[in-house]
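J.: next comes the sequence, and after it the predicted model I'd like to discuss.
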Amino acid sequence: MAIRAVLWDVDDTLFDYARADHVGMSEHLTAEGLVDGYDSVDQALGRWRELTTLHWRRFEAGGVDFQEQRRERVRDFLREPGLGAEAADEWFQRYVAHYEAAWELFPDAVPVLDLLARDYRHGILSNSSIHNQDHKLRVLGVRDRFEAVLCAAELGVAKPAAEAFHAACTALGLAPGEVAYVGDQPDIDARGAVEAGLLGVWLDRADSGGRPELNRITDLRQLPALLGGHTRFGAPSTFG
């Protein structure tokens, strides 16, 4: 079955989330006077990332809603378990202002979207919220490239659940076998997509390797060749 559409992850796939988070949080911590509470900015950032992963996994598993996982992150980071919802939201929004100022797409994102535009339809499936990702894609100037933007917060189910991938395929009016999914997480994105019947592609920008059972690329510029000669399961795991 020919691939007719590409579904994309956003953060750390098209959008350089790690850099924006580092720059934004560094500036936020300095502005809030919180650096003194840690040995270094890097230590504070490390703690923030640990808490982000912890509370994001709780959200993905359905243990907490999207807004509350943000509040819990803030409370844990500030070591203020009794911090009210309004105060936590305000603290997070001050961080968001610094974070958004650092937003950038990866350099390979737009050229590859341009290259694929003639032959493939495009959509987004993200374990975030539509409020976040629709706004982000518009600010970055690429929202109109995607027919559909689906997010876990509104779907009520997150990757790697097959239901999330199938909902995105349904939004495009295509069978899973006609859709490729590209993301930076080998299990949540690539393996989850494969198990849902899609062509899963792991974007391993760090070239960490391993996982020979997955289709693996290290740069989006390798994607057109993979799509053009896709062998679905059992495709080579490295390129170049």
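T.: Yes, it's here.

J.: which residues are contacting the lowest-mean-pLDDT helix or strand in the chain?
T.: One helix or strand of the chain scores below all others by mean pLDDT, DSSP states H and E: helix 41-60, with a mean of 87. With contacts defined as Cβ atoms under 8 Å, 6 or more residues apart in numbering, helix 41-60 is touched by 21-22, 25-26, 29-30, 34-35, 37-38, 64-66, 69-70, 72-73, 76-77, 127, 152-153, 158-159. Any C-beta I mention is one placed from the backbone N, CA and C, and that applies to glycine too.

J.: so which residues of the chain form helices?
T.: 17-32, 41-60, 66-78, 85-101, 109-116, 130-139, 152-155, 162-172, 192-195, 223-228 (DSSP state H).

J.: and the angle for the third one with helix 85-101?
T.: Computed with axes from the mean of the first three to the mean of the last three Cα atoms, to 10 degrees, the direction of helix 66-78 lies at 90 degrees from that of helix 85-101.

J.: just the buried positions in helix 66-78, please.
T.: Under the neighbour-count criterion of 16 or more other Cβ atoms under 10 Å, helix 66-78 has Phe66, Gln67, Gln69, Arg70, Arg71, Glu72, Arg73, Val74, Arg75, Asp76, Phe77 buried.

J.: Lys136: which of these is nearest?
T.: Minimum distance to Lys136 across the buried residues of helix 66-78 is 14.6 Å, recorded for Phe66 (Cβ to Cβ).

J.: for that closest one, give me its contacts.
T.: Shown in contact with Phe66 (Cβ under 8 Å, 6+ apart): Phe59, Ser128, Ser129, Ala153.

J.: excluding its backbone neighbours, what's nearest Tyr101?
T.: One correction, residue 101 is Ala, not Tyr. Nearest in space to Ala101, with sequence neighbours left out and distances taken as Cβ to Cβ, 6 or more residues apart in numbering, is Gly24 at 6.9 Å.

J.: just to check, the one you found is in contact with Glu104?
T.: No: look at Gly24 against Glu104 with Cβ atoms under 8 Å: they stay out of range, at 11.5 Å.

J.: so those two - more neighbours on which side?
T.: Just comparing Gly24 and Glu104: by other Cβ atoms under 10 Å the higher neighbour count belongs to Gly24, 19 against 13.

J.: the least confident helix or strand of the chain: how far from the chain's middle?
T.: 15 Å (Cα atoms, centre = their mean, to the nearest Å).

J.: quick check: angle from it to helix 17-32?
T.: In terms of direction (the same axes, to 10 degrees), helix 41-60 departs from helix 17-32 by 120 degrees.

J.: quick one, helix 41-60 and helix 162-172 angle?
T.: Using the same axes, to 10 degrees: helix 41-60 against helix 162-172 is 80 degrees.

J.: now the most centrally placed residue in the chain, nearest residue through space, not along the chain?
T.: Central residue of the chain (Cα atoms, centre = their mean): Asp11, 3.1 Å from the mean position. Distances taken as Cβ to Cβ, 6+ apart put Tyr17 closest to Asp11, at 3.8 Å, once the chain neighbours are dropped.
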